[in-house]
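S.K.: The amino acid sequence is not available; the structure is as follows:
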């Protein structure tokens, strides 16, 4: 490796690295505002100046300076100190003295750098420039007088989000950052520009003037509003979650976060279930826990075990599903189901329902075949990886299904699913492209299997993976993209029909025939409650959504920010939410409710603590042995059966990105986003 000198000591560097990258790796602090390691070089702020020898007799911007052999770089000479003080003085010329009222106060890069590298005074006495606020939608609050023109926001929406709706108008002192025609931003990742902004020009509109950073309790957790499992930090004060920010995880979400995951947290305090309810004379009335559990137990004892079914919802954690499974098997009922949408997912073949490349692995793909999925809505941070594959690897994208704007070019193969059989047989042009690709990927949407011929669609996708060499030595490019955070964990622990049990369609049919008369809904809200007819329905969940309205007994549970619980993301990575606040009033953790119900039924579970339950899970299901790890599944080739696929178009599980679960549906911020997006679409049509 080539060698250069950094502050008098020799260091190695990689070809193509910039000086600032070498400094970062070696632990040498270099201030910066415009530079960001995930964005292209802009060289706007000039704060990262260093002295270079041999070289010109003036400081150099280290972000735009390639490292070279025999180069000597100094980051702490008098020349560098004076240059940085001068740059800081220029940056502060027009910056308003807003620190006492600025939401960025306490976590502002400009404050920190001014304290560390400024000279403590200003020689500028003229009037400061002022810029009008810009409208960027209900999420991003603008105070553009504070803007220092670093253009991080412009580069992010253009390069990462792929929705170039922010740009610069004017030059020099008259330059202004604005959204085009001052419309609301339509990207599902738009709020990441708040984190990127090094000053208080772009701040969180829902969080404005709510708290200071030092007032907040910070809890590391994960997001469960999609199946990515983004690493997050939950900031709370007292018993209220005030904001959610992303945490760095290179394998999962890098340092980004979807807007819904970030801002739907205000729904955690709206329409909450905080006490048990029992339906009497057609009306739900408040009840004690003892009464509610006794009512459920008494009703369950009047039915045969085969007349009882349990269904798990999209946000359900692993512990509660294992406890419910143990309880159902203890009473003798085989009717368990986690695929509430009716998806024909094969729970016996783990590799067939995982994203086998891993989320990060998608960025290495060079040919991608998408089947019945809209990754931009189902998993925005998976979509950014596909965009990386297109930008960095020149990946060719093909799609079977409806056409969507995915922020990169996609070749449409039509919306007739029968084309999958043609691709699998090798008669389609895409077949050869997949065979000859270095890292081919088949991306199957879980929603594409929620149809009567779902098994045939899955079989066809697996046939493509086998016949087109998508699965090969050292590379498994067969990926299923889930949209429900609890689905993979449920499949891993076998929350599916046991021997003689009924699946979702079978449960619905049995209810209509009075063969199943009691249904336990474990956080189920995404299904037509009319299917349950006259059955006795128990709902366990945290929001008063459609499941609670239909229920005969309501048992209040904890949301994901209120419990320590396991989830498995779409790539099979086991992760853990951590309690940031306590559940409201009488609400309890899900597994505790199930354990108490088991006692009321006279079938106590074999564990009485969370630690014991975790130990039981790890002992039976090996994929849960290591938290924050992704266990690789063994590929099982599809049997040589020619699947019969119907010609009907794929339906998609998410029609409104901002309202896809009980939490986001009760969020005022998500309602504002929905309305702003509707108005923006109408304006574009009118134009």
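M.R.: On my side now, so go ahead. Just so you know, these numbers come straight off a predicted model, no measurement behind them.

S.K.: Look up phi and psi at the residue lying closest to residue 239 once chain neighbours are set aside.
M.R.: The shortest distance from residue 239 to any non-neighbouring residue, by Cβ to Cβ, 6 or more residues apart in numbering, is to residue 581 (5.0 Å). The C-beta positions use only the backbone N, C-alpha and C, and glycine is treated the same way. In terms of degrees, to the nearest 10, the main-chain angles of residue 581 are phi -140, psi 170.

S.K.: can you pull the contacts of residue 581?
M.R.: By Cβ atoms under 8 Å, 6 or more residues apart in numbering, the contact set of residue 581 is 236, 238-241, 561-562.

S.K.: from the residues you listed, which single one is nearest residue 121?
M.R.: Comparing the contacts of residue 581 against residue 121 with Cβ to Cβ places residue 236 closest, at 39.5 Å.

S.K.: Mind listing the residues bridging to that closest one?
M.R.: Bridge pairing for residue 236 (DSSP bridges) gives the partners residue 217, residue 241.

S.K.: thinking again about what came up before, tell me the predicted confidence for the residue nearest to residue 239.
M.R.: Note on residue 581: pLDDT of 97.

S.K.: Residue 534 too?
M.R.: 93.

S.K.: dump the residue contacts of it.
M.R.: Here residue 534 is in contact with residue 517 (Cβ under 8 Å, 6+ apart).

S.K.: what about burial for the contacts of residue 581, which qualify?
M.R.: Buried by 16 or more other Cβ atoms under 10 Å: 236, 241, 561-562, out of the contacts of residue 581.

S.K.: Any chance of the contacts of residue 581 in JSON lines with pLDDT and distance to residue 396 as columns?
M.R.: Shown next, in JSON lines, are those (pLDDT from 0 to 100; distance: Cβ to Cβ, whole Å):
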{"residue": "236", "pLDDT": "97", "distance to residue 396": "45"}
{"residue": "238", "pLDDT": "94", "distance to residue 396": "52"}
{"residue": "239", "pLDDT": "93", "distance to residue 396": "51"}
{"residue": "240", "pLDDT": "96", "distance to residue 396": "48"}
{"residue": "241", "pLDDT": "97", "distance to residue 396": "42"}
{"residue": "561", "pLDDT": "97", "distance to residue 396": "41"}
{"residue": "562", "pLDDT": "97", "distance to residue 396": "45"}
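
S.K.: If we only consider those, which is nearest to residue 381?
M.R.: Nearest member of the contacts of residue 581 to residue 381, counting by Cβ to Cβ, is residue 561, at 19.5 Å.

S.K.: which SS state does the closest residue to the closest one other than its chain neighbours fall under?
M.R.: Nearest in space to residue 561, with sequence neighbours left out and distances taken as Cβ to Cβ, 6+ apart, is residue 580 at 4.8 Å. Under DSSP: H, G, I helix; E, B strand; the rest coil, residue 580 falls in the coil class.

S.K.: And residue 50, by the same measure?
M.R.: State at residue 50, reduced to three classes by three-state DSSP: strand.

S.K.: Give me the pLDDT for the nearest residue to it once chain neighbours are set aside.
M.R.: Among residues not flanking residue 50 along the chain, residue 62 sits closest, at 4.6 Å (Cβ to Cβ, 6+ apart). You'll see residue 62 listed with a pLDDT of 95.

S.K.: How many neighbouring residues does residue 62 have?
M.R.: 28 (other Cβ atoms under 10 Å).

S.K.: Surely it and residue 19 touch.
M.R.: Yes: if you go by Cβ atoms under 8 Å, residue 62 and residue 19 touch, sitting 4.0 Å apart.

S.K.: In terms of secondary structure, what does the helix ranked longest in the chain contact?
M.R.: Criterion DSSP state H: the longest helix present in the chain is helix 668-686. If you count contacts as 3 or more Cβ pairs under 8 Å, 6 or more residues apart in numbering; DSSP states H and E, helix 668-686 packs onto helix 259-263.

S.K.: returning to what we had before: now for the buried ones among the contacts of residue 581: which two are most distant?
M.R.: Farthest pair in those (Cβ to Cβ) is 236 and 562. Separation: 10.2 Å.

S.K.: and for those two, which residues touch both?
M.R.: Between them, residue 236 and residue 562 share these contacting residues under Cβ under 8 Å, 6+ apart: 580-581.

S.K.: give me the low-pLDDT residue ranges for the stretch 501-650 of the chain?
M.R.: Across the stretch 501-650 of the chain, residues meeting the criterion (pLDDT under 70) sit at 640-642.
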